[in-house]
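**Q** Could you look at this predicted model? Sequence included:
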Protein chains: 2
Amino acid sequence: MSNTTGIKEVARRAGVSIGTVSNVLNRPELVASSTRQRVLDAITELGYVRNDSARQLRAGHSRQIALVVLDVTNPFFTDVVRGAEAAAEEHGVMVVVCNSGEDAGREHRHLDLLEEQRVRGVLITPVDESPNSRLEQLIQRGTPVVLVDRGSGRHSRCSVAVDDLLGGRLAGEHLLEQGHQRITFVGGPATITQVRERHAGIADAVAGKAELSVVSTPNLTVAAGRAAAAEIDATAVFCANDLVALGVLQGLTQRGIRVPQDVAIVGYDDIEFAAAAAVPLSSVRQPREQLGRTATAMLLEEIEDDGRHEHRHVVFQPELIVRESSGRPRTRRPRRIGR
Amino acid sequence: MSNTTGIKEVARRAGVSIGTVSNVLNRPELVASSTRQRVLDAITELGYVRNDSARQLRAGHSRQIALVVLDVTNPFFTDVVRGAEAAAEEHGVMVVVCNSGEDAGREHRHLDLLEEQRVRGVLITPVDESPNSRLEQLIQRGTPVVLVDRGSGRHSRCSVAVDDLLGGRLAGEHLLEQGHQRITFVGGPATITQVRERHAGIADAVAGKAELSVVSTPNLTVAAGRAAAAEIDATAVFCANDLVALGVLQGLTQRGIRVPQDVAIVGYDDIEFAAAAAVPLSSVRQPREQLGRTATAMLLEEIEDDGRHEHRHVVFQPELIVRESSGRPRTRRPRRIGR
DNA sequence: CCTCCCTTGTGAAACGTTTCATGCAGTGAC
DNA sequence: GTCACTGCATGAAACGTTTCACAAGGGAGG
């Protein structure tokens, strides 16, 4: 019943030594085909399953990489996951997904576990970016790490990011063009780099040309956005991500405020649901899957040349997608077409 | 640089035997406090990190459970993940999330890996439910498995599910009440149990009272729904999940068909974005987080009493949430309230 | 017939833990 | 002064692999 069959049993059953069984598993070309078949048969008959712990122990490291995301629930990250998985699959590596939930404690614990497991490398959008965070330790001890969606000032690691400053600027310029004079940035906490950068971006674009206020949220969720809506008193809102934007949209609508006639909204990420929202959401689009793919490719590359390795920083350009939530209001419904 | 320090180094540094170091780690109360401190110091000085492979090898199994979902990208499953994580965290167990992407091959490979890793147990919404699937093997060899969102006819495992038959029926009855005579079910592939059951549910409710057709999709995504919209020719649509429903909504709108005036839509899952859609979506709500929590609790329970264990089947009741997409059309925009 | 090489297979060491039986001092009771 | 404990620490075995140096057998070339 329980998994008690090891390579040893298989060897006995096939009448060979354990070394031979191991060879069948790892370098089958070294084994005479008749013997190989005998071993293979024994394996299926016994239902033998390799014990990865033993294998790893011997090898000194696992064959997995980890992806630590800020919030599994955010479609932005699930798309990053997909990209990473696709790239990893091509290389025969497995991705284990961890969710920090924007909580430094959980992030810390995940990294503990991952290091104990000797993962080959880590893709992460960190919560805790302090100079001697758990992540820093991990890097110092030699685990390859690629920062995702986060430019790294330092050069001790690779990073893949989207230019959030530019993203914020695009949003700002767009809203200025639409003639807005009072703009509110909604997002938080400010400990998250993206939030700071996106804010800095719009602040930059808007400086001297319009008034910019901030409504801070405890996290980047729909619920937080909905709550924030109560405090909004401006003609345009730029949200740190689409979840918040969706929440703000709901909150404003509930207050009887029309979007975009009374208040315009611009979100960030351009998740799939942004286009399908009650009022289709203008949003700053990031190449989410691409982000995951590239990050994974870079990580695997770093793992390969485990000797010297040049850390690289890839920065993608975001793109503003204008939809109804910040455009000139149009007729919502196309004319009915006969049925 | 690389992770070369083991318990042995620590022992040398602290001037004790390796057995003692191990005791400090696992049963600190057995060690005199002065020695303990010396060991602890050595550990931090050397930056020692436990090697989990060795630990597992000795123990015979890991300390993780796995959750294999059909689609990480589907908010329904990310909520299940959250529930599972919450429950697992309370027990000090780690959850590793795997994504089968509705692909039997990937599911198979994930299970291979998981078994090699000797995970303690598996939570899974299977793609492949054939009687001698990879999953069946896993169970037979003794790994505890709990089926998620899937009632299991057989009694060789626990399951947590929502009554999909009832869910389908609720949707059907609702649409009949609204006076619909031609209803289309959109979803697929039929190999997925949920799809079949939800279809069976509405077929049951509608039998003899209205005409029910089916538009089959290759998977349950927004894109699939959008494509399916082209083939819809009925006054009401019931979708196998909210992603499909959102897609159908987009597709219909694009064809100039108004929802709900021309065609009503009911989705399934009641994901967060359903309420925020262009036309707020009626949907059959499932207790998604609860599903994850309960499944995890049951799995852990089964792992505990590893002797005899009564397999249980928990079934939750779904609830129909009626919103605008299937209700009597109302004014979309509330009157503007002064600002 | 001897040598050399090639193909197959072997057995033991090593990976880093945990666990368990055992050892060794002290201590208090008699 | 002896005995039985108690409290701490030790060393070795075991977990299931992979790897590596080496051995056995056979065929080819001389």
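**A** Cool, got the structure.
**Q** so how far is the first residue of stretch A:232-243 from its last?
**A** By Cα to Cα, to the nearest Å, the extent of stretch A:232-243 from end to end equals 16 Å.
**Q** buried ones in that stretch?
**A** A:232, A:234, A:235, A:236, A:237, A:238, A:239, A:240, A:241, A:242, A:243 (16 or more other Cβ atoms under 10 Å in any protein chain shown). From N, CA and C alone the C-beta is placed, and that goes for glycine too.
**Q** In helices, which of those residues appear?
**A** Of the buried residues of stretch A:232-243, the ones assigned to helices by DSSP state H are A:242, A:243.
**Q** tell me the two of the buried residues of stretch A:232-243 that are most distant?
**A** A:235 and A:243 (22.3 Å; Cβ to Cβ).
**Q** And the buried residues of stretch A:232-243, which is closest to residue B:284?
**A** Closest approach to residue B:284 among the buried residues of stretch A:232-243 (Cβ to Cβ): residue A:243, at 23.3 Å.
**Q** In the stretch 151-300 of chain A, what residue spans correspond to strands?
**A** A:158-162, A:182-187, A:211-216, A:236-239, A:264-269, A:282-285 (DSSP state E, counting those that start in this stretch).
**Q** so which of these gets nearest DNA strand D?
**A** strand A:158-162 (27.4 Å; Cβ to the nearest atom of the strand).
**Q** The closest one vs strand A:264-269, what angle?
**A** For strand A:158-162 against strand A:264-269, the angle by axes from the mean of the first three to the mean of the last three Cα atoms, to 10 degrees is 160 degrees.
**Q** Residue A:95 - nearest residue in space that isn't next to it in sequence?
**A** Nearest non-adjacent residue to residue A:95, counting by Cβ to Cβ, 6 or more residues apart in numbering or on different chains: residue A:88, 4.8 Å away.
**Q** Next, that neighbour: phi, psi?
**A** phi -70, psi -40 (degrees, to the nearest 10).
**Q** does it really touch residue A:81, like I thought?
**A** No - with contact defined as Cβ atoms under 8 Å, residue A:88 does not count as touching residue A:81 (10.3 Å).
**Q** Now for these two: what residues contact both?
**A** Common neighbours of residue A:88 and residue A:81, counting by Cβ atoms under 8 Å, 6 or more residues apart in numbering or on different chains, are residue A:95.
**Q** In the stretch 151-300 of chain A, what residue comes closest to DNA strand C?
**A** For the stretch 151-300 of chain A, Cβ to the nearest atom of the strand, closest residue to DNA strand C: residue A:299, 23.2 Å.
**Q** need the residues of the stretch 151-300 of chain A near chain B, please.
**A** A:222, A:246, A:249-250, A:253, A:255-258, A:261-262, A:272-273, A:275-280 (Cβ under 8 Å from any Cβ of the partner chain).
**Q** which among those end up buried?
**A** By 16+ other Cβ under 10 Å, those give A:222, A:246, A:249-250, A:253, A:257-258, A:272-273, A:275-280 as buried.
**Q** quick one: which two of those residues are the most distant?
**A** Of all the pairs that those form, the one spanning the most space (Cβ to Cβ) is A:257 and A:272, at 25.5 Å.
**Q** Now do the contacts for whichever residue of the stretch 151-300 of chain A sits closest to DNA strand D.
**A** DNA strand D sits closest to residue A:300 of the stretch 151-300 of chain A, with a gap of 19.2 Å, by Cβ to the nearest atom of the strand. Counting by Cβ under 8 Å, 6+ apart, residue A:300 makes contact with A:65, A:87, A:88, A:91, A:93, A:121.
**Q** repeat for residue A:93
**A** Residue A:93 neighbours (Cβ under 8 Å, 6+ apart): A:63, A:64, A:65, A:120, A:300.
**Q** Let's verify the third one: helix, strand, or coil?
**A** Secondary structure of residue A:65, reduced to three states by DSSP: H, G, I helix; E, B strand; the rest coil: strand.
**Q** Tell me how many other residues surround it.
**A** Residue A:65: 26 surrounding residues under other Cβ atoms under 10 Å in any protein chain shown.
**Q** same deal with the first one?
**A** Under the neighbour criterion other Cβ under 10 Å, residue A:63 is assigned a count of 14.
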